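S.K.: Structure of the sequence below:
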Amino acid sequence: MSSKTQDTKMTSPVRPWAAAAGSLLALLLIAPVAAAPVTLAEALALAEKYSPRVRLAAAEIARARSGTVTARTYPNPEIEALAGGVRARVPGVASGPGLSVIIGQPLDLPFQREPRIRAAEAGVESARHGYDETLLLLRTDVKQAYYAVLRRRSELALAVDNQKLLEETRNRIALSVNVGERAKFELVRIDAELAGVRNQTASARLRVSQALAQLKLVIGASPEIDLDVTGELRPFTLDESLEALYRRLEERHPALRRVRAEVARAENRLSSERALRLPRPTLRAGVDREPEQNRTMLGLSVPIPLWDQRRGPIGDAVASLQQASLVAEQQRLLLRGELDINYNRLLVARQQIAAYEGGLIRQAENALRVAESAFRYGERGFLEVLDAQRVLRTVRAAVLAARFDKQAAIVEIERLTASEFTGDAP
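M.R.: Below you'll find the predicted structure:
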């Protein structure tokens with residue numbers, strides 16, 4: 001047997017496996033990878049990881065901490081050196097070079113230092129609460145965007161069901177028209193109705209894509225990342241009164257804590273500016289060398305506050321304190337107003353859901369069944385069926401909107417009361 005035949009027999013069982021592996025690899029590279037659905041907890045974790053809003057708030061904390069380093073730093077000493085010649089004007093006195101060296105240390109007085117440090121520490125506290133507020137708002141935005149995707153998905157499913165229901169009615173009418181039981185204009189009319197429903201389905205499908213894009217934007221993920229969600233509405237029972245929610249808002253919300261820290265910061269800044277009206281002394285020590293003698297000097301220099309009595313900085317600090325106090329009060333009233341709105345929004349959504357699920361949906365479904373039965377037996381026209389279908393679509397859409405309005409109100413109440421917030425800053 002020739003060597004060529006032996007080589008062929010040795011390589012023949014290998015080539016089919018290599019070809020199959022190459023084909024499988026090509027299919028894996030070409031085939032699109034389906035997006036793995038993420039839960040709400042995973043979406044929140046992704047947002048905290050990728051969102052630049054969180055990193056920006058963390059950078060603000062680092063900046064505020066640098067302010068405390070600046071506030072605690074003592075002033076640098078000063079050194080002054082003078083050299084020259086000493087020329088004698090009296091006989092018998094030696095002439096020659098002269099040297100004068102003076103070292104000065106500005107004194108950081110405690111009553112000026114402490115308010116400055118407290119103001120810087122209040123700035124750090126404000127930045128920490130700002131980080132908490134940013135994180136809380138980010139989590140709320142992610143929740144709202146996440147539930148918006150679920151809402152658009154539900155609306156799409158409802159639109160698809162409505163389209164299928166209308167298509168079944170259209171097929172029955174088309175069959176009746178073909179056998180001559182009904183006029184052709186009835187088919188034309190229901191085709192026009194079906195075209196509108198199909199357009200609504202296409203619009204609902206686009207709204208799902210828009211909601212997913214908004215979710216990716218809130219998370220901070222790259223637009224190229226394929227993202228999908230999975231989940232459902234959470235059951236929620238609110239047993240607390242509005243006054244109890246007010247108290248939780250006052251105690252927990254980081255925005256109120258932040259503005260309170262800003263008020264404390266402004267108060268300490270005013271104290272610091274008032275303390276600076278007293279001049280800062282400088283302790284000085286020096287040596288003066290002449291050809292015939294050396295002198296040692298120790299003294300204290302104090303600027304005289306004759307022209308600059310810091311009226312401008314003190315007035316600015318007073319105005320800043322007034323502004324901080326007004327902003328704090330405005331923030332408190334704003335949050336209380338938002339809590340009022342969302343609490344009443346929750347109550348309205350509950351009433352709507354109870355009314356719809358208590359009997360309106362069943363009535364609309366029964367009306368549709370009666371209309372379809374009468375249509376089959378020729379007792380009524382298809383217009384009654386279309387009217388019954390419109391009523392059922394309207395009721396189902398209203399129930400869906402009420403459920404997600406309730407969920408949106410729940411998310412906002414959780415934000416306003418900081419219910420799921422831990423407050424850990426980096």
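
S.K.: Relative to the centre of the protein, pull out the residue lying furthest away.
M.R.: residue 91 (85.6 Å; CA atoms, centre = their mean).

S.K.: May I ask you to confirm that it belongs to a strand?
M.R.: No. Under DSSP: H, G, I helix; E, B strand; the rest coil, residue 91 sits outside any strand and is assigned coil.

S.K.: For it, give me phi and psi.
M.R.: Main-chain dihedrals, residue 91, degrees, to the nearest 10: phi -60, psi 140.

S.K.: And the one 10 residues further on, by the same measure?
M.R.: Dihedral pair for residue 101: phi -130, psi 130, per degrees, to the nearest 10.

S.K.: And residue 301, by the same measure?
M.R.: phi -110, psi 140.

S.K.: Could you do residue 83 as well?
M.R.: Dihedral angles (degrees, to the nearest 10) for residue 83: phi -130, psi 150.

S.K.: residues near it, how many?
M.R.: Counted with other CB atoms under 10 Å, the neighbours of residue 83 add up to 10. For every residue, glycine as well, the C-beta is placed using N, CA and C.

S.K.: Hmm, residue 97 and it touching each other?
M.R.: Yes. With contact defined as CB atoms under 8 Å, residue 83 reaches residue 97; the gap is 7.0 Å.

S.K.: Any regions of the stretch 51-200 of the chain where pLDDT drops low?
M.R.: Applying pLDDT under 70 to the stretch 51-200 of the chain flags the ranges 181-183.

S.K.: What average pLDDT does stretch 366-384 get?
M.R.: For stretch 366-384, mean pLDDT rounds to 76.

S.K.: gap between that stretch and the chain center?
M.R.: The chain centroid and the centroid of stretch 366-384 are separated by 52 Å under CA atoms, centre = their mean, to the nearest Å.

S.K.: How about residues contacting that stretch?
M.R.: Applying CB atoms under 8 Å, 6 or more residues apart in numbering, the contact partners of stretch 366-384 are 169, 172-173, 186, 190, 385, 387-389, 391-392.

S.K.: Any idea how far apart the tips of it sit?
M.R.: In stretch 366-384, first residue to last residue: 13 Å (CA to CA, to the nearest Å).

S.K.: Residue 297 should be in a helix, yeah?
M.R.: No. Under three-state DSSP, residue 297 falls outside any helix and is assigned strand.

S.K.: residues in contact with the residue nearest in space to the middle of the chain?
M.R.: The chain has residue 138 as the residue nearest its centroid, 2.2 Å off, counting by CA atoms, centre = their mean. Residues in contact with residue 138 (CB under 8 Å, 6+ apart) are 47-48, 51, 53-54, 218.

S.K.: how about CSV for the residues you listed, with neighbour count, distance to residue 281 and secondary structure added?
M.R.: Below are the contacts of residue 138 laid out as CSV (neighbours: other CB atoms under 10 Å; distance: CB to CB, whole Å; DSSP: H, G, I helix; E, B strand; the rest coil):
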residue, neighbour count, distance to residue 281, secondary structure
47, 24, 54, helix
48, 16, 51, helix
51, 21, 50, coil
53, 17, 47, helix
54, 18, 46, helix
218, 21, 56, helix
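
S.K.: Please dump those residues into JSON lines; it should also carry distance to residue 120 for every row.
M.R.: JSON lines is the format used below for those (distance: CB to CB, whole Å):
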{"residue": "47", "distance to residue 120": "31"}
{"residue": "48", "distance to residue 120": "28"}
{"residue": "51", "distance to residue 120": "28"}
{"residue": "53", "distance to residue 120": "24"}
{"residue": "54", "distance to residue 120": "23"}
{"residue": "218", "distance to residue 120": "34"}
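
S.K.: Just give me the closest of the residues you listed to residue 355.
M.R.: residue 218 (32.9 Å; CB to CB).

S.K.: ok, the closest one touching residue 143?
M.R.: No. Residue 218 is not in contact with residue 143 according to CB under 8 Å; the separation is 9.5 Å.

S.K.: re the thing from before, in terms of helices and strands, where is the residue nearest to the centre of the chain?
M.R.: Here residue 138, judged by DSSP states H and E, is contained in helix 110-178.

S.K.: gap between that helix and the chain center?
M.R.: Helix 110-178 sits 10 Å away from the centroid of its parent chain (CA atoms, centre = their mean).

S.K.: next one: stretch 404-416
M.R.: Remark: stretch 404-416 is offset 15 Å from the chain centroid, using CA atoms, centre = their mean.

S.K.: and what of stretch 347-361?
M.R.: Put simply, stretch 347-361 sits 32 Å off its chain's centre (CA atoms, centre = their mean).

S.K.: For this protein, just list every one of the strands.
M.R.: With DSSP state E as the criterion, the chain has strands at 37-38, 78-86, 96-106, 228-229, 282-289, 294-301.

S.K.: Adding distance to residue 374, write the ones you listed out as a markdown table.
M.R.: Below are the strands of the chain laid out as a markdown table (distance: least, CB to CB, whole Å):
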| stretch | distance to residue 374 |
| --- | --- |
| strand 37-38 | 44 |
| strand 78-86 | 102 |
| strand 96-106 | 98 |
| strand 228-229 | 42 |
| strand 282-289 | 103 |
| strand 294-301 | 106 |
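
S.K.: right, so of those, which gets closest to residue 354?
M.R.: That would be strand 228-229 among those, by CB to CB, at 27.9 Å.

S.K.: Report all helices and strands that that closest one contacts.
M.R.: Judged by 3 or more CB pairs under 8 Å, 6 or more residues apart in numbering; DSSP states H and E, strand 228-229 is in contact with strand 37-38, helix 110-178, helix 184-219.
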